[in-house]
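> predicted coordinates and the sequence they were generated for:
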Amino acid sequence: GGTYSQSCRRLLTGLRGTSSQPITIRAATGEVPLLTRPVAVLFTYADHNLEIQDSSYLIIRGLKFRGGRTGIAFLGTNDHITVEDGEVYETGGSGVAMIGGTLDALTLRRNHVHHTGRSAAANTDGEGIALGCATAGCQATNSLVEGNHLHHTMSTGTGRSDGIALEAGSIGNTVRDNVVHDTAAGSRRFPCLSAAGGGVPANLLEGNVAWNCSAGISVTADALVRNNVLFNADLGLASAPRAGVAQQKALTIVHNTLHGHPECLELRWAGATSSVLANNAIYCPGTTAVDATGLTGAGVTVSANYVQGTLTGVSLDGTTFRAGGSDTAAFVNPHAADFWPTTGSPLRGTADAARTAATDFNGTPRSAPMDVGAYETNGASTNPGWKIQPDLKPISSVSSTPPPPGDTTAPTVSLSAPAAGATVSGTVTVSATASDDVGITGVQFVLDGVNLGAEDTTSPYSVSWDTTTATNAAHTLTAVARDAAGNTDTSAARTV
């Protein structure tokens, strides 16, 4: 216990535990130690509160960090670091952040991070948790951020104040069961959760709840976004190109509940590949439910999204987007953040079963016929799980243990028809066989470098090719298989 304040550098470096004998720094039973910095003028601190450098298998448990340029800063090469049951607050800059180097298998669990970015310096970042950097070679991989409560992040000048940010090149990370809100810097607002992607395995964002930010979630590529509840932000969920990410790909957005935003869903998916939008409850009464481009591309699958609000770039066709009725009829009490589907809700039992998540926002297994949105009712009239509030969300039983190491094994795929050198005419079937150590998510066929039809998500994998739309010449076919982690494999080319 006690309070520990120092003005010199506070550095943990070269600490090397093992998986069986990690080094643990923890609070004594019944005590809450507080590590501080002497109060800086206008929160402009010269040093971080705690620096961790070139360490592995280190656990920090039950400590409070108040003040410092950054609350907890990572430098050098670190792996298998756990920070849990702590608090980080009133920092000059970000709460928990990488300053450089690489970070693998980090765990941030049940921490309270708040009132960051208080410095009056010209340009100060104040992100709650920032993994990766804007510079090349600074990435976080295979890490777990779960069950944290982040709020009132701020910044100055051109700095950012995202709640949780995964920068470009940070891949294979899981962000789940976090509560994030109030990520604003005066009139400048930032996403509650953001993930740039840029490689495999994909990042996973699930079971989070977010409000009062520029966007509940913002993703660019290589992300599985499912079972999140996003409400009362400037924008519910956004996905668009950004600098540092070469291609929008491998985006799966399923079973999310969006409500009460000036704009619920904004997608800029022109040219996106291997991407899915399905089983989302999108309710923005009196405002924009969906503003999207690129959803009819060959690499995009859209199905069973229920909406209330105006549409731009899409329409209610009964398949991709369906009328969701009113929010008050769909949810128990949406204006009090109770988004449990009512007994007569159109969301009950109407999901596309081919594109469902195994569990819901509460960690409850989904069962047929499955519901649209973040919750699976299983016939219950009221929510038996955690009620949305500005506090820690209990980590669901399904996700109470760290995920296994990221799936880095690529699938294999090969074309089976038509035969190499064959002469084809009319409409022919292009087929392929694919396998993976975990499971195939889909196979995309490619003709002369351009997607041929939509991705096939069920075996046997095939697509119809109307050859009359092609020139009378030699053409090249390939198939691209992907798994749930975003790993891909491209078959050998075949010329016909």
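Yep, it's here.
> how about residue 173, what does it touch?
131, 140-145, 166, 195, 203-204 (Cβ atoms under 8 Å, 6 or more residues apart in numbering). All C-beta atoms are positioned from the backbone trio N, CA, C, and that covers glycine.
> pLDDT value on residue 227, please?
Here, the pLDDT recorded for residue 227 equals 97.
> could you check how far it is from residue 165?
According to Cβ to Cβ, to the nearest Å, residue 227 and residue 165 sit 20 Å apart.
> what's around residue 420, how many residues?
By the measure other Cβ atoms under 10 Å, the count of residues near residue 420 is 11.
> residue contacts, residue 383?
332, 338, 340, 362, 375.
> at 6 Å instead, please
Residue 383 sits next to residue 340 when contact means Cβ atoms under 6 Å, 6 or more residues apart in numbering.
> again with residue 302
Shown in contact with residue 302 (Cβ under 6 Å, 6+ apart): 277, 295, 320.
> quick check: closest non-adjacent residue to it.
Distances taken as Cβ to Cβ, 6 or more residues apart in numbering place residue 320 nearest to residue 302, at 4.1 Å, with adjacent residues excluded.
> and the one you found, how many residues sit next to it?
Per other Cβ under 10 Å, the neighbour tally for residue 320 reads 19.
> now residue 218
24.
> re the thing from before, show me the contacts of residue 173 that map onto helices.
Using DSSP state H, no member of the contacts of residue 173 sits in helices.
> endpoints of stretch 99-107, how far apart?
For stretch 99-107, the first and last residues are 17 Å from each other (Cα to Cα, to the nearest Å).
> got the contact list for it?
Contacts of stretch 99-107 (Cβ under 6 Å, 6+ apart): 73-82, 138-144.
> okay, and the helix or strand of this protein with the least pLDDT?
Lowest by mean pLDDT, DSSP states H and E among the helices and strands of the chain is strand 450-451, with a mean of 73.
> determine the set of other helices and strands touching that strand.
Using 3 or more Cβ pairs under 6 Å, 6 or more residues apart in numbering; DSSP states H and E as the contact definition, strand 450-451 packs against no other helix or strand.
> which positions within the helix or strand that it is followed by qualify as buried?
Remark: after strand 450-451, the chain's next helix or strand is strand 461-466, criterion DSSP states H and E. Within strand 461-466, the residues that count as buried by 16 or more other Cβ atoms under 10 Å are 461-463, 465.
> quick revisit: dump the contacts of residue 173 into CSV; add pLDDT as well.
Output for these, formatted as CSV (pLDDT from 0 to 100):
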residue, pLDDT
131, 96
140, 95
141, 94
142, 94
143, 95
144, 96
145, 97
166, 96
195, 96
203, 94
204, 95
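> and the longest strand along the chain, how far out from the chain middle?
For the chain, the longest strand by residue count, based on DSSP state E, is strand 281-293. Strand 281-293 sits 20 Å away from the centroid of its parent chain (Cα atoms, centre = their mean, to the nearest Å).
> each with direction, which strands does that strand pair with?
Here strand 281-293 is paired, per DSSP bridges, with strand 257-259 (parallel), strand 263-268 (parallel), strand 305-312 (parallel).
> name the residues of that strand that are buried.
281-285, 288-293.
> ok, now which ones touch the residue nearest in space to the middle of the chain?
Closest residue to the average C-alpha location of the chain: residue 205 at 3.1 Å, with Cα atoms, centre = their mean. Residue 205 sits next to 175, 225 when contact means Cβ under 6 Å, 6+ apart.
> what residues are bridge-paired with it?
Beta-bridge pairing for residue 205 (DSSP bridges): residue 175, residue 225.
> ok, it to residue 20 distance?
Where residue 20 is concerned, residue 205 sits at a distance of 31 Å (Cβ to Cβ).
> before we move on, the earlier item: with just CA atoms, put the longest strand of the chain into PDB.
The C-alpha trace of strand 281-293 is given here as PDB (Å, rounded to 0.1, in the frame of the first residue of the first chain):
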ATOM      1  CA  ALA A 281     -29.400  -4.100 -36.000                       C
ATOM      2  CA  ILE A 282     -29.100  -0.600 -37.300                       C
ATOM      3  CA  TYR A 283     -31.600   1.900 -35.800                       C
ATOM      4  CA  CYS A 284     -31.200   5.600 -36.200                       C
ATOM      5  CA  PRO A 285     -34.800   6.900 -36.200                       C
ATOM      6  CA  GLY A 286     -35.100  10.300 -37.900                       C
ATOM      7  CA  THR A 287     -31.500  10.300 -39.100                       C
ATOM      8  CA  THR A 288     -29.200   8.300 -41.400                       C
ATOM      9  CA  ALA A 289     -29.200   4.500 -40.800                       C
ATOM     10  CA  VAL A 290     -26.700   3.600 -43.700                       C
ATOM     11  CA  ASP A 291     -24.500   5.700 -46.000                       C
ATOM     12  CA  ALA A 292     -22.500   3.200 -48.000                       C
ATOM     13  CA  THR A 293     -20.600   2.700 -51.200                       C
END
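> now do that strand, average pLDDT.
Computed over strand 281-293, the mean pLDDT rounds to 98.
> so after it, what's the next helix or strand?
Counting by DSSP H and E, what follows strand 281-293 is strand 300-303.
> where does residue 184 land in three-state SS?
strand (DSSP: H, G, I helix; E, B strand; the rest coil).
> also residue 474?
When classified by three-state DSSP, residue 474 comes out as coil.
> quick one: residue 14 and residue 54 touch, right?
Yes - the criterion here is Cβ atoms under 6 Å, and residue 14 meets it with residue 54 at 5.5 Å.
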